[in-house]
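Novice: The sequence and its predicted three-dimensional model are supplied below.
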Amino acid sequence: MKIENPNPITWHFADRAAAMQSSFIREILKVTQRPDIISFAGGLPSADTFPVEKMKSAFDKVLTESGRVALQYGPTDGFPPLREWIANSLSTEGCTIAAEQVLMTSGSQQALDLIGKVLIDEGSRVLVETPSYLGALQAFSVYRPEFASVATDDHGLVPSSIDAVVKGARMLYALPNFQNPTGRSLSVERRLELVETCARHNLPLIEDDPYGALSYKGEPYPKMLNMNPEGVIYMGSFSKVLTPGIRLGYVVAPLPLVRRLELAKQAADLHTSQLTQMVVHEVIKDGFLQEHIPTIRALYAKQCQAMLDAMKEHFPSNVSWTKPEGGMFIWVQLPKHIDAMRLLDQSLAAKVAFVPGAPFYANEPEMNTLRLSFVTVSPARIQEGIAILGKLIAAFK
């Protein structure tokens with residue numbers, strides 16, 4: 001039965017709902033699904049790297065041998081053998097990470113939300129890079145912080161700039177490896193300086209590291225977690241090295257914090273899929289990533305070089321860009337008179353997509369910036385799309 005002529009509901013949303021904003025990138029991706037669009041917009045890993053057969057075999061084995069366990073509720077902190085594997089992979093000779101410090105999450109995006117829920121009150125100061133990862137700004141914004149921007153240069157975050165903005169800050173969020181959106185990486189010297197600066201100010205440092213394994217040279221940078229495990233919160237993900245569809249990430253933190261994060265996760269979703277965790281452990285436990293990741297690096301390095309070569313050939317001389325040594329992104333600085341939002345309208349009309357840089361800024365956006373991603377586009381299509389974009393930039397009024 002259905003009642004007749006019900007009164008329309010007047011929705012009264014919580015104040016925090018007013019801070020929720022759609023991801024600009026997600027909105028662009030709705031447009032770029034058309035096959036005729038050359039899309040440099042998405043931060044998606046290449047589907048060509050997904051180990052489909054390996055995942056299929058692991059699902060079959062887990063369901064055959066441990067199906068009743070895999071399909072049952074699991075512990076909030078995660079599947080113990082997988083947490084142990086992660087802890088061992090992060091431990092170094094001078095720094096042992098315990099499995100108890102590892103909390104499995106539904107993608108690293110959930111880790112950002114849990115960190116915000118536990119550490120941010122309304123009005124709390126949160127330090128972020130300039131520019132920063134849009135997904136982190138979106139996740140933290142729900143808790144209505146005051147974002148303070150930390151200066152950056154061509155080599156990434158400038159640790160000495162923290163002193164001017166640190167007063168009252170709850171945490172600093174950083175992506176030190178092949179940063180999204182700029183592709184920049186912090187030198188070892190800057191990492192040490194950053195860790196020491198945060199420790200001096202008693203400031204928790206969040207080290208978000210989804211791209212660290214994707215160094216084209218195969219030489220990963222040292223992790224800041226191992227420099228100060230009591231002061232660094234480390235975030236990792238299987239999205240870029242296996243597949244994002246499994247939505248599996250993790251956060252590593254000192255025990256007092258990780259227990260609070262666990263309580264927040266318990267309230268959010270009880271636990272991350274036990275089946276997914278068991279399958280991923282089955283895939284990686286015998287060294288598969290050591291074989292698989294080099295193929296991803298080689299593919300991305302080839303496509304990155306194709307884009308850099310095309311930009312050098314087709315972009316005007318008054319345009320500059322980063323030259324990443326890993327990861328998935330190139331950051332472009334346009335002449336001051338070009339608004340990348342307006343350029344995007346022209347570019348989409350010419351069937352080429354990118355992400356304007358403005359949404360990546362917590363404060364004072366630079367409108368003449370944009371982000372390009374190259375990993376899902378063939379070298380031939382990269383050449384075609386960059387040639388079109390170069391003509392539009394040169395002709396922009």
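Specialist: It's in.
Novice: drop to CA atoms for contacts and neighbour counts, all remaining ones
Specialist: Fine.
Novice: Let's check: the centremost residue of the protein is which one?
Specialist: Pro210 (5.7 Å; C-alpha atoms, centre = their mean).
Novice: quick one, phi psi at that residue?
Specialist: Phi and psi for Pro210, reported as degrees, to the nearest 10, are phi -80, psi -20.
Novice: Quick one: residues contacting it.
Specialist: Met235, Gly236, Ser237, Phe238, Ser239, Lys240 (C-alpha atoms under 8 Å, 6 or more residues apart in numbering).
Novice: Make a markdown table from these and add distance to Gly156 and neighbour count to it.
Specialist: Listed next are those as a markdown table, based on distance: C-alpha to C-alpha, whole Å; neighbours: other C-alpha atoms under 10 Å:
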| residue | distance to Gly156 | neighbour count |
| --- | --- | --- |
| Met235 | 19 | 25 |
| Gly236 | 20 | 23 |
| Ser237 | 22 | 25 |
| Phe238 | 24 | 19 |
| Ser239 | 24 | 20 |
| Lys240 | 22 | 22 |
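Novice: then stretch 113-132 to PDB, C-alphas only?
Specialist: Output in PDB follows, covering the C-alpha atoms of stretch 113-132 (Å, rounded to 0.1, in the frame of the first residue of the first chain):
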ATOM      1  CA  ASP A 113      38.700   9.800   6.200                       C
ATOM      2  CA  LEU A 114      39.500   7.900   9.300                       C
ATOM      3  CA  ILE A 115      42.500  10.200  10.000                       C
ATOM      4  CA  GLY A 116      40.300  13.200   9.600                       C
ATOM      5  CA  LYS A 117      37.700  11.800  11.900                       C
ATOM      6  CA  VAL A 118      40.200  11.100  14.600                       C
ATOM      7  CA  LEU A 119      42.500  14.100  14.400                       C
ATOM      8  CA  ILE A 120      40.500  17.000  13.100                       C
ATOM      9  CA  ASP A 121      38.000  19.200  15.000                       C
ATOM     10  CA  GLU A 122      36.100  22.000  13.300                       C
ATOM     11  CA  GLY A 123      38.600  24.800  12.900                       C
ATOM     12  CA  SER A 124      41.700  22.600  13.400                       C
ATOM     13  CA  ARG A 125      44.700  23.800  11.400                       C
ATOM     14  CA  VAL A 126      45.800  21.200   8.800                       C
ATOM     15  CA  LEU A 127      49.000  21.800   6.800                       C
ATOM     16  CA  VAL A 128      49.000  20.700   3.200                       C
ATOM     17  CA  GLU A 129      51.400  21.100   0.200                       C
ATOM     18  CA  THR A 130      50.800  23.700  -2.500                       C
ATOM     19  CA  PRO A 131      49.300  22.100  -4.500                       C
ATOM     20  CA  SER A 132      48.000  18.900  -2.800                       C
END
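Novice: follow-up on the earlier one: in strands only, show me the contacts of Pro210.
Specialist: Those of the contacts of Pro210 mapping onto strands are Met235, Gly236, Ser237, per DSSP state E.
Novice: Quick one: residues in contact with stretch 295-305.
Specialist: 49, 214-216, 218, 241, 325-328, 374-375, 377-379.
Novice: Kindly recompute the last result at 10 Å.
Specialist: Residues from elsewhere that reach stretch 295-305 (C-alpha atoms under 10 Å, 6 or more residues apart in numbering): 45-46, 48-50, 213-218, 240-242, 289, 294, 306-307, 309-311, 323-330, 373-380, 382.
Novice: Could you write me a ChimeraX select line covering just the buried ones among these?
Specialist: Buried subset of the contacts of stretch 295-305, written as a ChimeraX selection, criterion 16 or more other C-alpha atoms under 10 Å:
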select :45,46,49,50,213,214,215,216,240,241,242,294,306,307,310,311,323,324,325,326,327,328,329,330,373,374,375,376,377,379,382
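Novice: Can you give the distance of stretch 115-132 from its chain's centre?
Specialist: 16 Å (C-alpha atoms, centre = their mean, to the nearest Å).
Novice: and stretch 258-269, how far out from the chain's middle?
Specialist: Counting by C-alpha atoms, centre = their mean, stretch 258-269 comes out at 21 Å from the chain centroid.
Novice: Could you export it as CSV, CA atoms only?
Specialist: C-alpha atoms of stretch 258-269 as CSV (Å, rounded to 0.1, in the frame of the first residue of the first chain):
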residue,chain,number,x,y,z
VAL,A,258,46.0,3.1,15.3
ARG,A,259,43.6,1.9,18.0
ARG,A,260,41.6,5.1,17.6
LEU,A,261,41.5,4.6,13.9
GLU,A,262,40.4,1.1,14.4
LEU,A,263,37.4,2.3,16.5
ALA,A,264,36.5,4.8,13.8
LYS,A,265,36.6,2.1,11.2
GLN,A,266,34.5,-0.2,13.3
ALA,A,267,31.8,2.4,13.4
ALA,A,268,32.1,3.0,9.6
ASP,A,269,32.1,-0.4,8.0
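Novice: Check which residues of it are buried.
Specialist: Neighbour-count burial for stretch 258-269 flags Val258, Arg259, Arg260, Leu261, Glu262, Ala264, Lys265 (criterion: 16+ other C-alpha under 10 Å).
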